[in-house]
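Enquirer: Below: sequence and its predicted model.
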Amino acid sequence: MYGDSGIKLVQHAKRTQNLAHLPPYQTELVRAVTREVRDLNKDVDDLLEPFQGSFDPSEDQAVAYTLLVNHISMRRNKRCLLAYHRTRTDKLEELVWNGADVVDLSGQQVRDGSSRNSTGLTSGDGSTSSLSPQEEDYVRQYGDLLAAYKGQWTDIDLTGSLEPPRDLFIDVRVLKDAGEIQTEYGAITLTKNSQFYVRQGDVERLIAQGYLQKLS
Amino acid sequence: MSYYDVDAILTDGEKVPCRFELDVPYLGHLDNSNGLKPGSRLALPLWLAEMFALASAGEDSKPPLTLTLPPCLSEQVQAALKADPRAVALRDQSAYFYGVAVRMLDLFDERELSAILRRTFVVRAADVGLHARKAEESGLGGQGEEFLRGLDEWERRLFRRGHEGVRGAKEWTDNVKKS
Amino acid sequence: MDIDDILREVDPASHGIPLETRDLQALTRLWVAERSAPELLNWPADGLFERVNSKIKSQIEKIEDMTGDMDPKTNFALIVIQTELERYKFLVRSYLRARIAKIDKYTLHYLSTEELRQRLSPTELAYATRHQALLHNHYLSSFLSSFPQRLQNLNDTAGNVSMIDSPDLDTAVFIRLLRDKDVFGRGTDVDTILPAASGDILILRWSSAKDLVEHGDAELV
């Protein structure tokens, strides 16, 4: 029946909401629902064709109700598609805020899937991108937009921690090699399994990205 | 109700029994027949059934179909809820039990059903709150899981909120003790 | 000093309190209110954020000047200033993020009328406009462009669900009365009028609380 594929898409969206990562884009389902809209629209045109623009609903109720069904079915499909895509862009935006690497996301994902799982952008085996090409574009553009917005507040670091600051300095353990970082007290080289006492503001990013672990 | 809300869309997808009152040859695809005849019975999703029930093409024409209450709100279910709201696994009736019920009450003037549902929600909500606290204190045991399985989406959300609230309060008091 | 102390100090008799302190108080109140209110509140028009920003800048410069000085006394002062700076930054960040979250959720709603647009800062307005355009483009390129023209809009309000989501103004909020007042609150079954005294804390719908807050009879907590 019309609308069944749309429901499937929304069920995917519902599952996506409760997942930490983004499951693969449902290209086939999206295509099916979109096709349904085009078919319905063609039906509408065909039904109206003999009337030459002078259709009176009370004259022919059977046609009137058929048009109504087709019309709401199209609107229903549109809502399902939008909700599905919106659920995913919400998730993608969240990843961008959390500092997922947006510039080389698609390319690296294919080559180096397993180590990029922490960004939540790869599917189970990590071998293919779970984003549609349009979503990859979107992530890039949203990343630029966020960067521009953040640029208005350079001193604040908008993507920094939303926990109220307690301690200026914290102990951290390095989980993954992160190279050298610059702090006000000079450069520190972060090699795996080492521990440091650092200013929280300097390393928040790295904690969010899973390079460092905060020790309490 | 929000346009992009996934739960609202899924609630709208729940089916309602309808009886067709008109001859509509083009709509056979709705019940896989050669066309809908007066008296054809079929289950339509809420989003479609509702529009139909409210529509009428001419000034004095009757609506093209009549709705009946879905099985999840049947006499038997109502009787069971009246006897003991806690004994019914609402989720087995519908994952969107209250969502569907509210939509139906918009279409039907059913005072008694409304009263039953209100009492059901209030009585069960107290239980949901209790379980949310217990889950935080001792984890979810077998009985707790059984309980969660019977909750509809509204109640699950209530449970989640309650659980988060209890946990948040606990974290806060722990922090106060520490500092 | 915690937020309550800060809030208690804020009363109309604030003459003699330096502008900087008043700014911090104003920022703190804005932050508390924005986090509690279900809808976006007005962006302050009095240049508060320009002042806060330049204050943060000058603190950062001060810290840069002081680093390198190994005198233990300076070092202690440095830690105090840095701690203060982190708190300042946190307030601004948390405030802006609370706003952005609301703007992202109901973008079309806040862009829909001039009155609502006025609530956003120029930067937020630019962000919201661009964000909406990106989303629309994304939908178009993913599926919407193959729809019939009349179905391509994202702002239809016909049909039984409006496409423009808007915040639920009946969400419950807590307010603290700033002066004695009979408070009118709407309810599901009955409405009530409750006599309340300055300092009382009430829970009620935002739609009932909004006027009180805007007239300064109460504040969000």
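Expert: Perfect, thanks for sending it. Residues are numbered from 1 along each chain as shown, chains lettered A, B, ... in the order given.

Enquirer: Residue 50 in helix, strand or coil?
Expert: Picking chain A for this. Three-state assignment for A:P50 (DSSP: H, G, I helix; E, B strand; the rest coil): helix.

Enquirer: Spatially, and excluding backbone neighbours, which residue is closest to C:T129.
Expert: Leaving aside its sequence neighbours, C:T129 sits nearest to C:L111 (CB to CB, 6 or more residues apart in numbering or on different chains; 6.6 Å). From N, CA and C alone the C-beta is placed, and that goes for glycine too.

Enquirer: so where does the one you found fall, helix or strand?
Expert: helix C:107-112 (DSSP states H and E).

Enquirer: Report the buried residues of that helix.
Expert: Of all the residues in helix C:107-112, those buried under the rule 16 or more other CB atoms under 10 Å in any protein chain shown are C:T107, C:L108, C:H109, C:Y110, C:L111.

Enquirer: Stretch C:211-221 now?
Expert: Residues of stretch C:211-221 classed as buried: C:L212, C:V213, C:D217, C:A218, C:E219, C:L220, C:V221 (neighbour count, 16+ other CB under 10 Å).

Enquirer: Stretch C:60-77 now?
Expert: Buried-residue list, stretch C:60-77, by 16+ other CB under 10 Å: empty.

Enquirer: does chain A sit close to that stretch?
Expert: Yes. For a cut-off given as CB under 8 Å from any CB of the partner chain, stretch C:60-77 has contacts with chain A, namely C:I60, C:I63, C:E64, C:T67.

Enquirer: So for the helix or strand harbouring the third one, mean pLDDT?
Expert: It refers to C:E64. Assigning secondary structure by DSSP H and E places C:E64 in helix C:48-66. For helix C:48-66, mean pLDDT rounds to 87.

Enquirer: Which strands or helices does the helix or strand following that helix pack on?
Expert: Note on helix C:48-66: by DSSP H and E, the next helix or strand toward the C-terminus is helix C:72-105. The helices and strands touching helix C:72-105, judged by 3 or more CB pairs under 8 Å, 6 or more residues apart in numbering or on different chains; DSSP states H and E, are helix A:200-208, helix C:19-36, helix C:48-66, helix C:122-142.

Enquirer: Break the chain down into its domains, please.
Expert: Chain wasn't specified; assuming chain A. A:2-101, A:167-212 (the TED database).

Enquirer: wrong one, I was asking about chain B
Expert: B:1-68, B:71-179 (automatic domain parsing).

Enquirer: how close does the residue at the greatest distance from the centre of chain A sit to B:L27?
Expert: Taking CA atoms, centre = their mean, the residue of chain A most remote from its mean C-alpha position is A:E59, at 48.5 Å. Using CB to CB, to the nearest Å, A:E59 is found at 18 Å from B:L27.

Enquirer: and if you look at B:A83?
Expert: For B:A83, the distance to B:L27 - CB to CB - is 41 Å.

Enquirer: Okay, and B:A43 sits in which element?
Expert: Counting by DSSP H and E, B:A43 is part of strand B:41-45.

Enquirer: So A:L19 lies in a helix, does it not?
Expert: No. Secondary structure of A:L19 (three-state DSSP): coil, not part of a helix.

Enquirer: hang on, the earlier thing: pipe the residues of stretch C:60-77 next to chain A into a markdown table and attach distance to B:V123 per row.
Expert: Output for these, formatted as a markdown table (distance: CB to CB, whole Å):
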| residue | distance to B:V123 |
| --- | --- |
| C:I60 | 58 |
| C:I63 | 60 |
| C:E64 | 63 |
| C:T67 | 64 |
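
Enquirer: So what's the residue count around the nearest residue to C:L85 once chain neighbours are set aside?
Expert: Excluding the flanking residues, the one nearest C:L85 by CB to CB, 6+ apart is C:Q59, at 4.8 Å. Neighbours of C:Q59 under the rule other CB atoms under 10 Å in any protein chain shown: 17.

Enquirer: residue contacts, C:Q59?
Expert: Taking CB atoms under 8 Å, 6 or more residues apart in numbering or on different chains as the criterion, C:Q59 is in contact with C:I81, C:E84, C:L85, C:Y88.

Enquirer: Likewise for A:Y65?
Expert: Counted by CB under 8 Å, 6+ apart, A:Y65 has contacts B:L22, B:V24, B:L27, B:F52, B:A55, B:A57, B:P64.

Enquirer: Chain A versus the first one, what's the distance?
Expert: B:L22 is 6 Å from chain A, where distance means CB to the nearest CB, to the nearest Å.
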